[in-house]
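> need a 3D model of the following:
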Amino acid sequence: MAGYIRNIVNNQNVTSQATLIRGATILSMDENIGNIERGDILINGSTITAVSQNLDVPGAQVINATNMIAMPGIVDSHRHAWEGQLRRINPNATCLDDYSNATHFSFAKYYRPADIYIGNLLTALGAIDAGITTMIDNSHNSRTAAHSDAAVEALLDSGIRAIHASGAPVAGEWDRAHWPGNWQRLQEKYFRDNPEGLVTLGVMAQLEPELWAEARRLGLPIVTEFFGVEMASELESLHQQGLLGPDNIFNHCTSLPDEGWEILREAGVRVNVCPRSDSHYGIESGMFAIEAAQRHGINPGLSVDNETSYSTDMFMEMRVAFYLQRVMGMHKEHCGDSAHSLTTLPAAQLLKSATVDGAVCAGLQDKTGSLTPGKQADLVLINASDLNLYPSGNAFGTVVHAAERSNIDTVMIGGRIVKQNGKVLGVDSERLRAAIDESREHLFAASGNQPDIFADAFLSLEQAD
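Next up, the predicted model:
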């Protein structure tokens, strides 16, 4: 598979016919609309046009949503989509070196454009299957212009709403001559004539003002892997120079001191936190930063980060967030560290983090994140009559604490149904699996690794080139 053929997904077009979702329990995540025990959602083309009770729309295509929960599509604020074929290759990783060892320092160096394509495509389709309708793709393996093209084309083919944040590789040989000029090339090739498309462009860059300046010249959001203790000392200088702003998106923000949070709030920096990633890889204290963020007036989105150690779904992300915050808050309270520790993240607040706040992090709050007339029809229908969910004693509790990927009946993105009756539409499963298998065989052979599906650990750490 020296190249790749874009024949795995055959997406359906948006219907011009009005669609009426009827009889759902609606969690709109819009304060003005609120929650509706039994209500209807009207969609025209790609847009939500009404959310109410007892809508009567002659001629509309009707989706019977009785015993279903309707909610906005989930937003994953930070995902390294290129790693899709490396799922769970490193389940017992304990630190960032373990993560890098199984990605940047080994397989990443041997990725072809075809491997980037199938990695991104698999991640995006898995996200859709799990009710994630929007994703910020943190693509820190853009080895050549062809690799970047493959990443973008996979997102376009998948049908997901995404920001492709093109980033430099961490290790190995790569075409440095295309960097950062690749950003303008991508913008002109894929995005200049399609500003309202599902996929838009961003960039990945660390605390590198010269790269930030180029991103801002092009009007692109800037994604940064930000770890508090290591990087917080640079914030004051960046802020004084006017280099921080609402176009910055910071991932993680672990162990950031109060003065750092104040700078982020004043500058309008957007933030996402990573409950599983921070604890799984033991990043600083291992505790995700939602309490500190909220204490300083920032409502961060949630993110999966990667699938090399755990699952793709945001239901688990919300649950891990609940229990980590619960145990940490109780520990502080009972050990006398703080009488005002946050001990509980309510289910409704966690769903807001996974939808509304994620959309704000992506800068897409005017398009998605809530079921609001005028916004894009990005939504999920959960079958609350399924054996593991019925009866639904509390709608927020059902979604956050009990629902699974298998309970998702329907997913719609921009008015187009991409999952229906529990199945992602338009995917040639045989071609998808064949492309994944070929990619894995190439990556293992090229990197000199042997597959071992029972391994306790990956392999000894190599040094980055």
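
> and for the lengthiest helix in the chain, what's in contact with it?
Of all segments of type helix in the chain, defined using DSSP state H, the longest is helix 314-334. Contacting residues not belonging to helix 314-334 are listed as 74, 76, 130-132, 273, 275-276, 279, 287-288, 290-291, 302-304, 310, 337-339, 341-345, 347, 350-351, 353-354, 399-401, 403-405 [CB atoms under 8 Å, 6 or more residues apart in numbering]. Using the backbone N, CA and C atoms, a C-beta is placed for each residue, glycine as well.

> these two touch, right, K352 and E31?
No: with contact taken as CB atoms under 8 Å, K352 and E31 are classed as non-touching, separated by 10.2 Å.

> and the two? Which one has more around it.
Legend: neighbour count by other CB atoms under 10 Å for K352 and E31, higher for K352 (21 against 9).

> and for the nearest residue to that one once chain neighbours are set aside, the neighbour number?
Taking CB to CB, 6 or more residues apart in numbering, and ignoring the residues beside it in sequence, K352 has M29 as its nearest neighbour in space, at 6.1 Å. When counting by other CB under 10 Å, one arrives at 22 neighbours for M29.

> cool, Q53 as well?
Neighbour tally, Q53, other CB under 10 Å: 11.

> look up the closest residue to it, ignoring the ones flanking it.
Nearest residue to Q53, sequence neighbours excluded (CB to CB, 6+ apart): G39, at 4.9 Å.

> and the one you found, bridged to which residues?
Beta-bridge partners of G39, counted by DSSP bridges, are A24.

> contacting residues for it?
The contact partners of G39, by CB under 8 Å, 6+ apart, come to G23, A24, T25, I26, V51, S52, Q53.

> please, which helix or strand holds S353?
Following DSSP states H and E, the helix or strand that holds S353 is helix 347-354.

> now stretch 194-212: buried residues?
Of the residues in stretch 194-212, those scored as buried under the neighbour-count criterion (16 or more other CB atoms under 10 Å) are L198, V199, T200, L201, G202, V203, M204, A205, L211, W212.

> ok, and the closest non-adjacent residue to the last one?
What sits nearest to W212 in space, not counting adjacent residues and going by CB to CB, 6+ apart, is I222, at 5.5 Å.

> next one: the third one
Counting by CB to CB, 6+ apart, the nearest residue to T200 once its immediate chain neighbours are dropped is I163, at 5.3 Å.

> beta partners of the residue nearest to W212?
Following DSSP bridges, I222 is listed with bridge partners V203, N248.

> tell me the pLDDT of it.
I222 is assigned a predicted lDDT (pLDDT) of 98.

> wait, it touches L207, no?
No: the pair I222 and L207 fails to qualify as a contact (CB under 8 Å) at a distance of 10.2 Å.

> could you look up the SS state of F444?
For F444, the assignment made with DSSP: H, G, I helix; E, B strand; the rest coil gives helix.

> just C253 next, same as before
When states are read from three-state DSSP, the local structure at C253 comes out as strand.
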